[in-house]
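Peer 1: Okay, here's the prediction I keep looking at, along with the sequence it came from:
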Amino acid sequence: MRKVLLPTIIFIATILLVIRLFYLQVIDDSLKLKSDNNAIKIKYDYPERGYIYDRFGKLLVANQPSYDIMVIPKDVKDLDTTEFCALLKITKDDFLKKMAKAKVYSPRLPSVFLAQLNKKEYAAFQEVQRIFTGFYIQKRSLRDYQVPYGANVFGFITQVNDKIIEKNKYYNSGDLIGRQGVEESYEEILRGIKGVKYIQKDKYNREIASYKEGKFDTIALQGKDINLSIDAELQKYGEELMVNKRGGIVAIEPKTGEILALVTAPSYDPAILVGRQRSKNYTMLYHDSIAKPLYDRGLLAQYPPGSPFKIMTGLIALQEKAIDENTTVVCNHGFSFAPGRFMRCHCHGGAMQLHRGIYESCNTFFSTSYMRTLDKFADPSIGVDVWSKHLKTFGLGQFMGYDLPTGRKGNIPTSKTYNKVYKGWRWSSKTIVSNAIGQGEVLMTPMQLANMMATVANRGYYFTPHIVRRIKGQIIDKKFTTKHIATIDKGHFETMISGLFDVYNFGTAHGLNVPGIDICGKTGTAENFAKVDGKRVQLKDHSIFVAFAPKDNPKIAIAILVENGGFGATIAGPIASLMIEKYIKRKITRKDLETRILAKDLQPEYNRFIAKPVKDTLINTKVANPDKEIAKPIVKDTSEIKKSLAPKP
């Protein structure tokens, strides 16, 4: 048997090798195509990217023609450099740098020499292109933004770098790729598939015919159009309300999880990242380390949620039977939770039950509810883990899986958190009671706050938030139509919602109501700390508001956070009312609120800790201003939000 085995293996391997060689040399021409590439010119046909529309079919992003001058370094001969540079209005140094870069990429393959010529520049070059051997025009399409808002939603397109080319063989030097926003998330759908033509050349490097009669040629396939879930008018209005402010607005349709508005402030006109000035403009935005216009605060900024978190504290306490709707707690304008430790409360005081505790935002009631929830267990470690698990069923403390390329998961602490922080100490519910009112170690993004309210509006479930509503010829990912169920009984939501409804009628948002719309909401004011000159400094509080409307059959859930805005009812609350009315009524009747918010300028507050005042509202920016001086911060992390650690027992 052993004598036969080795000859058999050798025989089979030889047969397989012969078959493979026959296939490669006789049947498959692809290797021959590669070996002949010195005599073959490859031409790419770039398709238009898919168009982008809003939820109602309004065109937001289209395309415009663009022309790149490509170069094949080995084919450049007898070039009059002076004439060439004069035609393209570049210096000889620029020419040498670009040629050197092209040679590094490949002497034999085409790469971009000069990108994004306009029609006039293209026409001038085309007239004399024949005398500049080795250079040719590659037609592409650039984005043509139909609106001056939504930059963080759309993202932008830019040239691929060497790292991308090495990782993904689809791309070649000079190709464009989506970055940030929808352009990045749906790149493969929007870009389409480029066509390829192989042209035979003779020994004089002249094009003579299509290689193999076009056997290997492919046709370009245009990118697919997409409809966003965004309401363009609501997005525009939200950005207008946030002028001269910093923060984020996220609005969601509760019954579908579709994102209606995703506002970050300050923002910029997406058109400034198109054309020859794109690089200069992007550099300006990127290096603005103070206003951070490229930083999507709606998805990335993690804040203490403040009083809106009392909604979760109350729901979990109800579910765990630590309280019921008739539980009464006496508030003496604050909560004494340890010797010498007193948490102030701004409610009217007296006997508090859940309903009144919500609409007056009583710290005492919810701190007591939180402690009772944890203290019902023999060990606070068990209690805090039960509390944490409930929160995570609302999408908190985790990446939510939405269809945008960026985001943060916030922070929902567990027993591991406190066992590490208080190693060697006996911590208890009193130690971490600040969690009850959304301070402590709890951090949430505006997206998570909005999703929390969508879950409350739905009485206990949510759909993963998503920004694309429809893709032409394609089905939306089923994960966006899968219902996520919270671990809170439906009946407890009705109890909570009655209190949220009276926030507008009798409570902290009294005076912000909109005629004809039943709004449920919750004000919030979160403490704000930063490091200044190495010291922890308390800055003006963040203004927070969460809401949904109408109370029954809700159509919109919303979260607003305005940095350094003060009380929740001062800035964030009015913005919520205006956004809700704009979406539901398609008009504004609360002109008093609108006038006040549009005129509100928080720049003086933001300028307190920088060397030179800077105006950071970039929404209406059309072109780069090369003379603009970006103020430099005194410290590196003036915008950092520091966690308020609970005191040691």
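Peer 2: Sure, I can see it.
Peer 1: Helix or strand for I311, just tell me which one.
Peer 2: Assessed by DSSP states H and E, I311 sits inside helix 310-319.
Peer 1: Quick one: low-confidence residue ranges for the stretch 251-400 of the chain.
Peer 2: 337-340 (pLDDT under 70).
Peer 1: can you give me the helices for it?
Peer 2: Assigned helices in the stretch 251-400 of the chain, in chain order: 278-286, 297-300, 310-319, 354-359, 363-375, 380-392 (criterion: DSSP state H, counting those that start in this stretch).
Peer 1: Select, out of those helices, the one closest to E527.
Peer 2: Closest to E527 of the helices of the stretch 251-400 of the chain, according to C-beta to C-beta: helix 363-375, at 12.6 Å. To be clear about C-beta, it is placed using only N, CA and C from the backbone, and glycine gets the same treatment.
Peer 1: So which elements touch the helix holding I311?
Peer 2: helix 354-359, helix 363-375, helix 380-392, helix 446-457, helix 490-505 (3 or more C-beta pairs under 8 Å, 6 or more residues apart in numbering; DSSP states H and E).
Peer 1: how distant is that helix from the center of its chain?
Peer 2: 29 Å (C-alpha atoms, centre = their mean, to the nearest Å).
Peer 1: what's the angle from that helix to helix 363-375?
Peer 2: Relative orientation of helix 310-319 and helix 363-375, computed by axes from the mean of the first three to the mean of the last three C-alpha atoms, to 10 degrees: 50 degrees.
Peer 1: just the CA coordinates of helix 310-319, formatted as CSV?
Peer 2: In CSV, the C-alpha atoms belonging to helix 310-319 read as follows (Å, rounded to 0.1, in the frame of the first residue of the first chain):
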residue,chain,number,x,y,z
LYS,A,310,-35.2,60.7,36.1
ILE,A,311,-37.6,59.1,33.7
MET,A,312,-35.5,56.0,33.7
THR,A,313,-35.0,56.1,37.5
GLY,A,314,-38.7,56.2,38.0
LEU,A,315,-39.5,53.4,35.5
ILE,A,316,-37.0,51.0,36.9
ALA,A,317,-38.1,51.7,40.5
LEU,A,318,-41.7,50.9,39.4
GLN,A,319,-40.6,47.7,37.6
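Peer 1: Dump the helices and strands packed on helix 310-319 to CSV, plus distance to G248.
Peer 2: Shown next, in CSV, are those (distance: least, C-beta to C-beta, whole Å):
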stretch, distance to G248
helix 354-359, 24
helix 363-375, 25
helix 380-392, 21
helix 446-457, 4
helix 490-505, 21
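Peer 1: and D78, which of those is closest to it?
Peer 2: Closest to D78 of the helices and strands packed on helix 310-319 is helix 446-457 (C-beta to C-beta; 59.2 Å).
Peer 1: can you pull the pLDDT of I40?
Peer 2: Among the per-residue scores, I40 shows a pLDDT of 78.
Peer 1: now it: how far from Y46?
Peer 2: 19 Å (C-beta to C-beta, to the nearest Å).
Peer 1: Comparing the two, which residue is more hemmed in?
Peer 2: Neighbours were counted for I40 and for Y46 using other C-beta atoms under 10 Å; Y46 has more, 20 against 16.
Peer 1: shouldn't that one be in contact with L142?
Peer 2: No: using C-beta atoms under 8 Å, Y46 is not in contact with L142; the gap is 10.8 Å.
Peer 1: Now the element after the helix or strand where V196 lies, going C-ward?
Peer 2: According to DSSP H and E, V196 maps onto strand 195-201. Next along the chain after strand 195-201, taking DSSP H and E as the criterion, comes strand 207-210.
Peer 1: For that following strand, the averaged confidence score.
Peer 2: The average pLDDT for strand 207-210 rounds to 76.
Peer 1: That one pairs with which strands?
Peer 2: Taking DSSP bridges as the criterion, strand 207-210 forms sheet pairs with strand 195-201 (antiparallel).
Peer 1: buried stuff in the partner strand?
Peer 2: Under the neighbour-count criterion of 16 or more other C-beta atoms under 10 Å, strand 195-201 has 197-198, 200-201 buried.
Peer 1: so, if you compare those residues, which one comes nearest to L500?
Peer 2: Nearest to L500 among these, counting by C-beta to C-beta, is K197 at 62.6 Å.
Peer 1: Not counting its neighbours along the chain, what's nearest the closest one?
Peer 2: K43 (4.4 Å; C-beta to C-beta, 6 or more residues apart in numbering).
Peer 1: Can you list phi and psi of the one you found for me?
Peer 2: Per-residue torsions, K43: phi -120, psi 130 (degrees, to the nearest 10).
Peer 1: give me the element E184 is part of.
Peer 2: helix 181-185.
Peer 1: neighbouring contacts of whichever helix or strand comes after that helix?
Peer 2: Next helix or strand after helix 181-185 toward the C-terminus (DSSP H and E): helix 187-191. Outside helix 187-191, the residues that touch it by C-beta atoms under 8 Å, 6 or more residues apart in numbering are 47, 49-50, 52, 176-178, 182-183, 223-224, 226, 471, 474.
Peer 1: one more time with 6 Å, if that's ok
Peer 2: Identification of contacts with helix 187-191 by C-beta atoms under 6 Å, 6 or more residues apart in numbering yields 49-50, 178, 223-224.
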